[in-house]
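Asker: Below are the sequence and a predicted model for it; my questions follow.
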Amino acid sequence: MKIWLDGGLQDIESARVSVLDHGLTVGDGIFETVKAVDGRPFALTRHLDRLTRSARGLGLPDPDLDEVRRACAAVLGANPMPLGRLRITYTGGHGPLGSDRGEHGTTLVVALGETGRRPDSTAVITVLWTRNERGALTGLKTTSYAENVVALARARERGATEALFGNTVGQLCEGTGSNVFVVLDGEIHTPPVTSGCLAGITRALAVEWTGAREADLPMDVLERADEVFLTSTLRDVQAVHRVDDRELPGAPGPVTAKAMRIFEERSGDDLDP
Ligand code: PLP
């Protein structure tokens, strides 16, 4: 397996970054996960726009997007696979031991993993831990992901594949790696980015393509929604058949099934050549 590091392809076994890389020591880094179908990245321009937004939010230098594109193409070319996930990681680079930034460069790593198609439906749990809708990192796709790791582990313990967070004012927010949609009386709703959720790329496409409405939603909407679904780069649109102990029999319901169909039909349009 070849990855991109320091301006070129390297073997994954021998590629090395500094043990004082700020991505490792203080989580000073950002990332993107990009789906690749037959070696073609999906929605790459949108991912690169978000990478730049995240870098600016953290105060990192703008990533060199020409290099990132070259890196993605090189890694995809070197590791052919039918369905893959590109992982672009960009950090503050080798730095001092503490949190101070100091003078240092950045680190760019582009790696690729094979992935399979997700099941059409899944179980989720809710957690009482909250997303902070007004934090310094809100809306940025940073490598500070430990809270998501903890919540996902809790979901796994309960036979689920995702944990949903509310925010500090009790509104529904997002999952550890997905955005959430609910269907009420035939209409699709999703929390706005002001809830503290990541501006998911799949979420944006789903809103565009299904006419879903962005609205503040109380956490207990999950107890009465007719249908619930998740969106993310690796899930696309995925129905939810259980939220905590509440079963949603027949998932995907008709509205979710339609959203899945629309997504499948239209998502071929945004594959890079
Ligand atoms: N929310 C969080 C916290 C995420 O990490 C992700 C993706 O990894 C998403 C939402 C979904 O975003 P996207 O559709 O861009 O993959």
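Answerer: Received the coordinates, thanks.

Asker: would you say S99 is within a strand?
Answerer: No - secondary structure of S99 (DSSP: H, G, I helix; E, B strand; the rest coil): coil, not part of a strand.

Asker: So it sits against V26, correct?
Answerer: Yes - using Cβ atoms under 8 Å, S99 is in contact with V26, at 5.3 Å. To be clear about C-beta, it is placed using only N, CA and C from the backbone, and glycine gets the same treatment.

Asker: between those two, which one's more packed in?
Answerer: Taking neighbours as other Cβ atoms under 10 Å, S99 and V26 compare with V26 leading, 19 against 11.

Asker: Next one: the closest residue to the ligand within the stretch 51-200 of the chain from T52, what distance?
Answerer: Closest contact between the stretch 51-200 of the chain and the ligand, by Cβ to the nearest ligand atom, is at G200 (3.0 Å). Taking Cβ to Cβ, to the nearest Å as the measure, G200 falls 17 Å from T52.

Asker: ok, the two, which is more surrounded?
Answerer: Using other Cβ under 10 Å, the more surrounded residue of G200 and T52 is G200, with 24 against 17.

Asker: Quick check: the gap between that one and T130.
Answerer: Distance from G200 to T130, by Cβ to Cβ: 19 Å.

Asker: just H241 next, same as before
Answerer: 25 Å.

Asker: report the longest strand in this protein, please.
Answerer: Criterion DSSP state E: the longest strand present in the chain is strand 121-131.

Asker: Let me see the contact set for the closest residue to G196 other than its chain neighbours.
Answerer: Leaving out its chain neighbours, the residue that sits closest to G196 by Cβ to Cβ, 6 or more residues apart in numbering is E133, at 3.3 Å. Counting by Cβ atoms under 8 Å, 6 or more residues apart in numbering, E133 touches 167-169, 173, 194-196.

Asker: Please repeat the previous calculation with a cut-off of 6 Å.
Answerer: By Cβ atoms under 6 Å, 6 or more residues apart in numbering, the contact list for E133 reads 167, 195-196.

Asker: circling back to that earlier point, if you count what's nearby, which of H241 and T130 comes out ahead?
Answerer: Set H241 next to T130 and count neighbours by other Cβ under 10 Å: H241 wins out with 21 against 17.

Asker: Report the separation between the closest residue in space to the more buried one that isn't next to it in sequence and the ligand.
Answerer: Once flanking residues are discounted, H241 sits nearest to A251: 3.9 Å by Cβ to Cβ, 6+ apart. Separation of A251 from the ligand (Cβ to the nearest ligand atom, to the nearest Å) stands at 20 Å.

Asker: Name the surrounding residues that touch the strand or helix carrying G113.
Answerer: Element membership of G113, judged by DSSP states H and E, is strand 107-114. Residues outside strand 107-114 that contact it (Cβ under 6 Å, 6+ apart) are 3-5, 17, 21, 71-72, 75, 79, 81, 84-91, 93.

Asker: Only the buried subset of those, as a PyMOL command please.
Answerer: Restricted to buried positions by 16 or more other Cβ atoms under 10 Å, the PyMOL selection for the contacts of strand 107-114 reads:
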select buried, resi 3+4+5+17+21+71+72+75+79+84+85+86+87+88+89+90+91+93
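
Asker: Inside helices: which ones of the contacts of strand 107-114?
Answerer: Judged by DSSP state H, the contacts of strand 107-114 include 71-72, 75 as members of helices.

Asker: Around the ligand, which positions in the stretch 101-250 of the chain sit nearby?
Answerer: Proximity of the stretch 101-250 of the chain to the ligand (Cβ under 6 Å from any ligand atom) is limited to residues 174, 177-179, 198, 200-203, 231-233.

Asker: Lovely, talk soon.
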